[in-house]
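A.B. asks: Generate a structure from the sequence data that follows.
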Amino acid sequence: MQRKIPRIVIAATQSGSGKTTIVTGLLAALRAQGMRVQSYKIGPDYIDPGYHELASGRPGHNLDTWLVPSDKLSEIFQRTVQDADIAVIEGVMGLYDGGSGGISSTAAIAKLLNAPVLLVINAKAMGESAAALALGFKNYDPSVRIAGVILNRLGSDSHRDMIVEALDKLAIPVFGAVYRNDKMTMPERHLGLLPVTENEQETAVVAEIGRTIAAQVDLGKIRELAFSAPPLCVQEETERTVQPRVRIAVARDEAFSFYYPESLQVLEAQGAQIIPFSPLRDKELPEADGLILGGGFPEMFARPLYANQSMRASLQRAAAAGMPIYAECGGFMYLMEKMVDFSGEAFPMAGVIPGMVQMNKKLQTVGYVAAEMLQDTVLGKRGTVLHGHEFHFSSECPPEPGREYPRAFTFRRMRKAQSYPAGYAKDNILGSYLHLHFAGCPQAAVHFVAACSQYRHEKEAD
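C.D. replies: Residues are numbered from 1 along each chain as shown. So this is what the prediction gives:
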């Protein structure tokens, strides 16, 4: 069946153009007009959707065709937008940038969803060249419907008029002209924006951004463009209720916040009840049959994580008892014996995985990877290949020779075609720098829930 889904993609010429600020303000401004706004972020980013949620009042979702196949991605989009009035989709990097072969680029997702695109141009230190830039992006791939531009970081009215006049000659509409404003600055650190969970001023900043965008962007024109998007072919969904059969504890606090909402829902669809807990504040793990430690910023909380000795002891007991434990990036770092922070200070961690992790001043790895399991793990059998991504400043330091350190995966980087052993896997423990989306590897979710169920039965039988 065909369904009308008003939608728009906010793209940019390159990273750092200010599209997250523009999208956050747009979400807040449309919400203030009484619209139910559903946001999306193209690519694997965890942090931007937090600002989206703050502005829109609804959880943001990721759209990434490396992590999740295209057909399933369309299904996620259609399901999560059902009760919204409009969908606002934030792009990643520059419009045509993505993984190897352009996979999961903003352009690719815009074509997949048949959505009109507005191009954000950072006009700082630029005059008529902004028009030439817009024309080049528009002509590069005519199958991408670039409907107009939003000019950002303008210095004056004359600066705006110069660029608008040049764009008028090319018949490229201007949907907004946003001026430089220090009050709209979002705090950043080594992995990008400061997460909403740590930013105490975020509510005031988002409110200021929303007011500014409402005044400097033509919201009516943007709504009209979104409603011009052609109907999408959607499938009727059949509701399915699954009774929880296992409890999975999921670390969620300022140190561990990197989760895709749809990824956790895949676990729930397999019969998992998600039990959030805080490694920073809780004294021990909740009653559970499995444990997931997602990514985040444990390096910024190394001291309080170390100080919570009862939680570290609880983790060690759970690991020794055979509880299935899966850890991604920050969670993997926390499970190791020691963490050395940016200042060089070392802190004992959970001690579930041998070795240590060292923070570095330079980014170590970023990009999509294909991960092949080197042995049977809590996520699947040996030889299983999972799609994921890496993004970290730290590096793992396996223990000295003579101590066992069974590798979990062979990672194959998609851009450089480089392969290397990665992570740690032994019995019920699996940890690595890999970030996964269970909607893209549902069998891994099935396998993990099954491992948790087996652990529960064995525990009850004792």
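A.B. asks: Go through the helix or strand containing E224 and flag the buried ones.
C.D. replies: Taking DSSP states H and E as the definition, E224 sits inside helix 219-227. For helix 219-227, the neighbour count (16 or more other CB atoms under 10 Å) marks 219, 221-223, 225-226 as buried. Quick note: C-beta positions are derived from backbone N, CA and C, even for glycine.
A.B. asks: Look at Q418 and say how many residues are nearby.
C.D. replies: 11 (other CB atoms under 10 Å).
A.B. asks: Tell me if I'm right that it and E390 touch.
C.D. replies: No. The pair Q418 / E390 is not scored as a contact, 11.6 Å apart, by CB atoms under 8 Å.
A.B. asks: where's the host helix or strand of A11 relative to the chain centroid, distance-wise?
C.D. replies: Per DSSP H and E, A11 falls inside strand 7-12. A distance of 17 Å separates the centroid of the chain from that of strand 7-12, by CA atoms, centre = their mean, to the nearest Å.
A.B. asks: The helix or strand that comes right after it vs strand 7-12, what angle?
C.D. replies: With elements assigned by DSSP H and E, the helix or strand that comes after strand 7-12 is helix 19-32. Using axes from the mean of the first three to the mean of the last three CA atoms, to 10 degrees, the inter-axis angle of helix 19-32 relative to strand 7-12 is 150 degrees.
A.B. asks: Quick check: what element follows helix 19-32 along the chain?
C.D. replies: strand 37-42.
A.B. asks: Listing partners with orientation, what would you give for that next one?
C.D. replies: The pairing partners recorded for strand 37-42 under DSSP bridges are strand 61-63 (parallel), strand 86-90 (parallel).
A.B. asks: how about CSV for the ones you listed, with mean pLDDT added?
C.D. replies: Below are the strands paired with strand 37-42 laid out as CSV (pLDDT from 0 to 100):
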stretch, mean pLDDT
strand 61-63, 96
strand 86-90, 98
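A.B. asks: Show me the one of those strands that comes nearest A272.
C.D. replies: Across the strands paired with strand 37-42, A272 has its closest neighbour in strand 61-63 (19.3 Å, CB to CB).
A.B. asks: Need the contact partners of the closest one.
C.D. replies: With CB atoms under 8 Å, 6 or more residues apart in numbering as the test, strand 61-63 has contacts from 38-45, 49, 73, 76-77, 80, 89, 104, 109, 113, 260-262, 437.
A.B. asks: what ranges do the strands span in the stretch 151-300 of the chain?
C.D. replies: 174-179, 188-189, 192-193, 232-233, 246-251, 256-258, 272-277, 290-293, 295-296 (DSSP state E, counting those that start in this stretch).
A.B. asks: Partner strands of the fifth one, with direction?
C.D. replies: Strands that pair with strand 246-251, judged by DSSP bridges, come out as strand 272-277 (parallel), strand 290-293 (parallel).
A.B. asks: so which of the ones you listed gets nearest A177?
C.D. replies: Once the strands paired with strand 246-251 are compared by CB to CB, strand 272-277 is nearest, at 42.5 Å.
A.B. asks: And stretch 1-9, end to end?
C.D. replies: Stretch 1-9 has its terminal residues 23 Å apart, counting by CA to CA, to the nearest Å.
A.B. asks: That one: how far from the chain's middle?
C.D. replies: Computed by CA atoms, centre = their mean, the separation of stretch 1-9 from the middle of its chain amounts to 23 Å.
A.B. asks: Which positions in the helix or strand where Q454 lies come out as buried?
C.D. replies: If you go by DSSP H and E, Q454 is part of helix 442-461. For helix 442-461, the buried set under the neighbour-count rule, 16+ other CB under 10 Å, comprises 444-453, 455-456.
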